[in-house]
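S.K.: have a look at this fold, sequence not included:
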């Protein structure tokens, strides 16, 4: 049995996945999507594990292989839903999940209206991007104008689009749960550090394990099901004033190094076990 | 009964749609998505007709309204599949439809390999974009290198990605059929003009009506079904050497002025009749 | 005698210039640099009046005509010095003029060092650009990080470069003087309005005439001489705490509608009189 | 005596320069302009040797140091003239040097006019850039349109500008001479290799030494003088049909590894000897 692992920038996570795949007697075909052109509709394996860091490349990698009947984990559709915060929020909201109040601003002319409809500070971010990049806490109109002017100069329409979002007072913490094949394998809390309000690990955020209670589990599983995710991480914000939970983001190509270190859970092997079960189906 | 028409740059098509909607006693709520921020999960109408020219804005418009339970025509998922040529080709191919042989090139390092695997000339295009823009017929390595170097400088990963495609000898013609609610309402042939090989109307292409034969009808309906399109146009290439038909592109926010003039078909009213039936369902 | 007027987006200013030129019996050759290719070293007139709004296009227009021996007003070199705030500040400072303390930041790795060396708030701007665009008052590290992250995504190295500048407490005012052919023809004060701290007219700033005192006159003439400007405007900041004047920016293609309305000075005709004297030299 | 060496990406050339400076008892202050913010008007040395690969950063580095009275080699003005092909060609042409017939195209509307005025194939390139990047040999209108469409999508106005240039039949060769302090130290021929018509070393071009004859020497020295260059390389094209020489490009931060290997000339030490003489002046 063979599994293709598609990647662009190999990290520790990919090495662990390769080891786990081999330990469970799956052959691994490695494909660097930067150096290998992908023929649409051609695939040599039954399962394609998409570990491409660039989200757009990940989507294209999955789609190209699915065209040959291969099962991509995650599927291109899941990657699309997770890779764009507007699509994620829209689908979660459509299915009745609680998300932060969020507004889509697609032109400078609608920016003032949006500004006036949100309590300050509010959060502004583009629909695409990782590691908290460009996520800005807008406290006043001067900051808002600076962000607007900068974003209008971007070439990509996605980067020119604003997701304006109510700021959930979560005390510089968010919860990240990982779901594999319909099961929550664990969760951590990420805490922002120093004068940085964002919790992202890439920005210095620290990770601690937490127990997965029923509410977190239910939310995570529902989110995973809504986006059709086989292996995803879910970001949840807890309003520290009243304990209300908000689903915020869903990641279709989860990084799990920090999660693994904090929880001791062998994420790579959990995923591989799931892949084996998929292959056997 | 009320229908929201979301737009950015109103064209003749939108005016005709508004007229048809009103004639059939539907109230029209007009929303300029550049000047109106869209709250995710808020919508005032049962149906949202998405006529936004910018494809990314169209997707976001549909998704925001769907979050409130509104039916978007087309749905955000359909718009995503149609708005990206890699996703379109992958899904059509996955379902067994004939598409031109197509390869995804996501890094300069894989460009030579792609070049060597295609007969010259071949077609190069980015997965996103309209009106034939950036679509290049690559005859030799010098042109190929120029295109590669230019595209590597784009900010958007989508524009940095190449769809390399076999050139179908269609004699400077392609077929465009329009499907509304599971029916092919008609088709035209677009012909390239002068020293321009591309058939796009925006590049001077001319339109003539053709009869919809069984093969074109079947292909169009299958394509529409695969992408879940309520109102889409389908581009088909016919290899003039052997008559073989290839599905090439699918458009989720079709322009129909040229089609209407060539065929005499009242596209706007056909669409509105379909919307009425959707609303009544 | 003939004067070429090169332009891209004709405004009131250009119409007034054409009238004044004709009234003084100069023939006017109009060249839209967007629709006319410029052969390097070809020119039909002795003087080329460069009124191109896009600064880079203005520089290229002047240089192309200078290659034929034509006198460009302003010269390409003057336009280059004025069109880039780092070059302006460097040259003014080299000649001993007082400018706000300014630092060039060309990589994210030097951003923290710059942040720590300036009292907050400080001003951040790219070296190129007009109408106050992207000029940000940085009050805290969160704003600084947001600006850095946004700017790192720009394609242009100029836009990726930061001019970090001490904030001069000028009470929301700056002085704009216009120099033509070695004479200060007048000055205005621009005042910021409402919750916008920038004084730019494009951002709602209001203009009032002021008397040109000796210090303003001297500074303006020295600045004009340093950059070799025949027709330029000079922006001066006055520290309201101690009256200290700072030269801030110099514009090589001055807009003068607001200046004209506030002062009653016929700028266009003053410039044309100077051109006549240049032609006669 | 101390010399500041400003750099961004240290190459062999910079290592050789540091060695030569030390051997001649000059102290070297190394400044990485990516990690060190540059205060305008602050400098610790009498001479600043600018070896920054990014041309725009090189200009800013020189200007910042010149603001303190430091001699930059090359000066910011020289770097500006050399760093932009339109400025280079314009100045050389203004002083009567022979350059390829060149046209500046700044809008899609003037592209057809330019196309019609040049024999095919012609050369198209943006005014900025190195290593031959984006330089395209335009053989037909399809290629021309592809280049135009690609370039219109660039953010930078410089990259959106076209230098359209007659193609000099030089047999895939060009001459590169190096001038230091008013003397031609040597010259090489660069030859394009394989199916690549461009001669750039970065594109596989090969270098061979040639004797500097009187004509090459005179042209090189005049070019160096026109741009005010202390240490520059000059690219000359020879029309193989009639021997006519054309000045094509001038480089203000010359790479010299290939030159050194081909000629055996110790470029680094020649430059350091010149710096010593500058310091002593």
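M.R.: Now that the structure is in, tell me what you want to look at. All values reported here derive from a predicted model rather than from experimental measurement.
S.K.: let me see the ranges of the helices in the stretch 101-250 of chain A.
M.R.: Here the stretch 101-250 of chain A has its helices, by DSSP state H, counting those that start in this stretch, at A:111-116, A:141-152, A:157-160, A:214-227.
S.K.: need those helices in JSON lines (columns: mean neighbour count, mean pLDDT and distance to chain B).
M.R.: C-beta coordinates here come from the backbone N, C-alpha and C atoms, glycine included. Formatted as JSON lines, the helices of the stretch 101-250 of chain A follow (neighbours: other CB atoms under 10 Å in any protein chain shown; pLDDT from 0 to 100; distance: least, CB to the nearest CB, whole Å):
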{"stretch": "helix A:111-116", "mean neighbour count": "16", "mean pLDDT": "94", "distance to chain B": "4"}
{"stretch": "helix A:141-152", "mean neighbour count": "21", "mean pLDDT": "95", "distance to chain B": "12"}
{"stretch": "helix A:157-160", "mean neighbour count": "20", "mean pLDDT": "96", "distance to chain B": "4"}
{"stretch": "helix A:214-227", "mean neighbour count": "18", "mean pLDDT": "97", "distance to chain B": "12"}
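S.K.: what about residue A:20, how many residues nearby?
M.R.: Number of residues near residue A:20 (other CB atoms under 10 Å in any protein chain shown) recorded here: 21.
S.K.: which residues touch it?
M.R.: A:266, A:268, A:269, A:271, A:272 (CB atoms under 8 Å, 6 or more residues apart in numbering or on different chains).
S.K.: secondary structure class of residue A:49, three-state.
M.R.: What DSSP: H, G, I helix; E, B strand; the rest coil gives for residue A:49 is strand.
S.K.: my guess is it meets residue A:4, correct?
M.R.: Yes. The criterion here is CB atoms under 8 Å, and residue A:49 meets it with residue A:4 at 6.9 Å.
S.K.: would you map out the domains in chain A?
M.R.: Annotated domains of chain A cover A:2-81, A:102-166, A:169-266 [automatic domain parsing].
S.K.: check whether the shortest one comes near chain D.
M.R.: Going back to what we said before, that points to domain A:102-166. Yes. Using CB under 8 Å from any CB of the partner chain, we find that domain A:102-166 touches chain D at A:153, A:155.
S.K.: gap between that domain and the chain center?
M.R.: Averaging C-alpha positions (CA atoms, centre = their mean, to the nearest Å) puts domain A:102-166 20 Å from its chain's average.
S.K.: go on, the last one?
M.R.: Using CA atoms, centre = their mean, the distance from the centre of domain A:169-266 to the centre of the chain it belongs to is 10 Å.
S.K.: what about it, how long is it end to end?
M.R.: End-to-end span of domain A:169-266 (CA to CA, to the nearest Å): 32 Å.
S.K.: residues in contact with residue A:259?
M.R.: Residue A:259 makes contact with A:176, A:178, A:186, A:188, A:207, A:233, A:265, A:267 under the criterion CB under 8 Å, 6+ apart.
S.K.: before we move on, what about residue A:119?
M.R.: Neighbours of residue A:119 in contact, by CB under 8 Å, 6+ apart: A:166, A:167.
S.K.: verify the stated contact: residue A:107 with residue B:31.
M.R.: No. Applying CB under 8 Å as the test, residue A:107 and residue B:31 come out as separate, 11.9 Å apart.
S.K.: find me the pLDDT at the residue in the stretch 101-250 of chain A that chain D sits nearest to, would you?
M.R.: Of all residues in the stretch 101-250 of chain A, residue A:155 sits closest to chain D, at 5.7 Å by CB to the nearest CB. pLDDT recorded at residue A:155 is 89.
S.K.: what of residue A:50?
M.R.: Value for residue A:50, per-residue pLDDT: 98.
S.K.: distance check, it against residue B:89.
M.R.: Residue A:50 sits at a distance of 18 Å from residue B:89 (criterion: CB to CB, to the nearest Å).
S.K.: same check on residue A:60?
M.R.: Distance from residue A:60 to residue B:89, by CB to CB: 11 Å.
S.K.: tell me which of the two has more neighbours.
M.R.: Of the pair residue A:60 and residue B:89, residue A:60 is the one with more neighbours under other CB under 10 Å, namely 31 against 28.
S.K.: next helix or strand past the helix or strand that one falls within?
M.R.: Assigned by DSSP states H and E, residue A:60 belongs to helix A:55-66. Heading C-terminal from helix A:55-66, the first helix or strand you meet, by DSSP H and E, is strand A:71-73.
S.K.: parallel or antiparallel, list what pairs with that next one.
M.R.: When pairing is defined by DSSP bridges, strand A:71-73 lines up against strand A:47-51 (parallel).
S.K.: contacts for the partner strand next, please.
M.R.: So strand A:47-51 is contacted by A:3-7, A:13-14, A:17, A:58, A:61-62, A:65, A:70-74, A:79, A:253, A:271, A:275, A:278-279 (CB under 8 Å, 6+ apart).
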